[in-house]
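*Asks:* Here's my sequence, what's the structure:
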Amino acid sequence: MILFDTHADTLYKRAQHPGQALDVTLEKLSRGGVTVQTMALYVGDSSNLDDIADLMNRMWALGEKLPEEGLAQLTDYRDAKEGGRAFIYSVEGCDLLANGLEQLETWRRRGVRMAALTWNYENCIGTPAKKDAVSPLKPFGREAVKEMVRLGIAPDTSHLNKRGFYELLEMGVVPLASHSCCQALCGHRRNLSDDQLRALFQAGGYVGVNFYPYFLAEDGKADLDSVCDHVLHMMELGGENHIGFGSDFDGIECKPKGLSGPQDFPALFNALRRRGVTEEQIEAMAGKNLMAYYDRIDPRG
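*Replies:* Coordinates of the predicted model:
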């Protein structure tokens with residue numbers, strides 16, 4: 001089985017907290033059967049572009065060393081091989097595009113395949129859910145998204161506000177949400193409403209279910225069944241062929257009971273089996289759904 005995780009902050013943690021214990025290691029990925037780990041190049045908590053550029057450069061440098069540690073780099077999820085161990089880059093927060101859209105070509109050349117338009121503060125692209133739900137995408141943001149689509153970089157709506165989300169769909173863009181959950185089950189502003197989820201699935205998009213306990217349960221007391229609840233709810237909304245997993249490992253300070261790192265993916269799959277999810281459905285959400293998503297947005301010719 002091919003298994004993808006569409007979001008982890010491991011490079012940021014290694015850059016900012018060297019020596020600190022990591023959720024994501026080659027050994028844990030191997031134990032959990034993770035084929036490709038998405039490594040986010042996270043914008044950080046500064047809005048200063050020089051600070052962001054410095055942080056990004058340090059994370060790029062760490063990423064370049066991963067192959068020496070036994071984790072190969074891929075530039076396309078569809079190149080994943082069962083039994084392999086690899087990583088692929090994403091960007092979390094497109095603030096540096098303020099320096100010019102040509103940055104997108106650099107990202108794509110270096111292997112970035114998805115980019116969250118915002119993090120938790122407003123930038124040159126748009127407005128995060130943390131600030132408000134009603135501010136539109138900025139004109140520059142619309143141009144940036146068009147360029148992402150041209151380059152085969154998936155626009156990532158995790159963190160983006162509701163109006164920006166719907167404007168992407170109105171533009172005919174097919175985005176993904178790399179690490180998000182269901183607002184109907186946990187009312188956090190970062191989660192997606194049922195209407196958003198239905199619209200995203202109908203458009204051909206993709207959602208990676210987040211493992212952060214406070215996105216899974218109002219009181220933060222989450223376990224394997226809490227993750228299953230969000231998976232099953234998305235399936236009920238038409239997401240069977242459009243969902244996967246975006247753990248947020250190394251970016252969250254607590255984990256669901258029984259799901260402390262990538263080594264615990266087998267336990268999650270067993271929990272899903274107990275809830276009636278079939279082997280075919282598990283294989284789809286583990287990897288096939290994401291590969292099909294990239295077929296839709298960036299068909300190979």
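
*Asks:* Which residue ranges of the stretch 51-200 of the chain form helices?
*Replies:* Using DSSP state H, counting those that start in this stretch, the helices assigned to the stretch 51-200 of the chain run over residues 102-109, 139-151, 162-170, 194-203.

*Asks:* okay, these in TSV with mean neighbour count, mean pLDDT and distance to residue 50 next?
*Replies:* Where you see a C-beta, it was placed from the backbone N, CA and C, and this is true even at glycine. What follows is those, written out as TSV (neighbours: other CB atoms under 10 Å; pLDDT from 0 to 100; distance: least, CB to CB, whole Å):
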stretch	mean neighbour count	mean pLDDT	distance to residue 50
helix 102-109	16	97	14
helix 139-151	18	98	20
helix 162-170	19	98	26
helix 194-203	18	98	35
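
*Asks:* Rebuild those helices as a markdown table, extending it with distance to residue 266.
*Replies:* Formatted as a markdown table, the helices of the stretch 51-200 of the chain follow (distance: least, CB to CB, whole Å):
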| stretch | distance to residue 266 |
| --- | --- |
| helix 102-109 | 33 |
| helix 139-151 | 34 |
| helix 162-170 | 33 |
| helix 194-203 | 26 |
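
*Asks:* Would you mind telling me which of those is nearest residue 129?
*Replies:* Each of the helices of the stretch 51-200 of the chain has some distance to residue 129 by CB to CB; the shortest is helix 162-170, at 6.9 Å.

*Asks:* what does that closest one rub up against?
*Replies:* The contact list for helix 162-170 (CB atoms under 8 Å, 6 or more residues apart in numbering) reads 117-118, 126-127, 129, 133-137, 141-142, 145, 155, 157, 160, 175, 192-193, 196, 199-200, 203.

*Asks:* I'd like the distance between the closest residue to residue 26 other than its chain neighbours and residue 53.
*Replies:* Computed as CB to CB, 6 or more residues apart in numbering, the closest residue to residue 26 that is not its neighbour in sequence is residue 70, at 5.0 Å. Residue 70 is 29 Å from residue 53, where distance means CB to CB, to the nearest Å.

*Asks:* in the stretch 101-250 of the chain, which spans are strands?
*Replies:* 112-116, 154-156, 176-180, 206-209, 243-245 (DSSP state E, counting those that start in this stretch).

*Asks:* for the residue sitting nearest the centre point of the chain, what are its contacts?
*Replies:* The residue lying closest to the centre of the chain (CA atoms, centre = their mean) is residue 178, at 2.4 Å. Residues in contact with residue 178, defined by CB under 8 Å, 6+ apart, are 6, 7, 38, 90, 114, 116, 156, 158, 208, 246.

*Asks:* Against which helices or strands is whatever helix or strand the third one lives in packed?
*Replies:* When secondary structure is defined by DSSP states H and E, residue 38 falls within strand 36-42. Packing contacts for strand 36-42, counted by 3 or more CB pairs under 8 Å, 6 or more residues apart in numbering; DSSP states H and E, involve strand 4-5, helix 10-16, helix 49-65, strand 86-92, strand 112-116.

*Asks:* make it 10 Å
*Replies:* Packed against strand 36-42 by the contact rule (3 or more CB pairs under 10 Å, 6 or more residues apart in numbering; DSSP states H and E) you find strand 4-5, helix 10-16, helix 26-32, helix 49-65, strand 72-73, strand 86-92, strand 112-116, strand 176-180.

*Asks:* Parallel or antiparallel, list what pairs with the fifth one.
*Replies:* Same thing as strand 72-73. strand 86-92 (parallel) (DSSP bridges).
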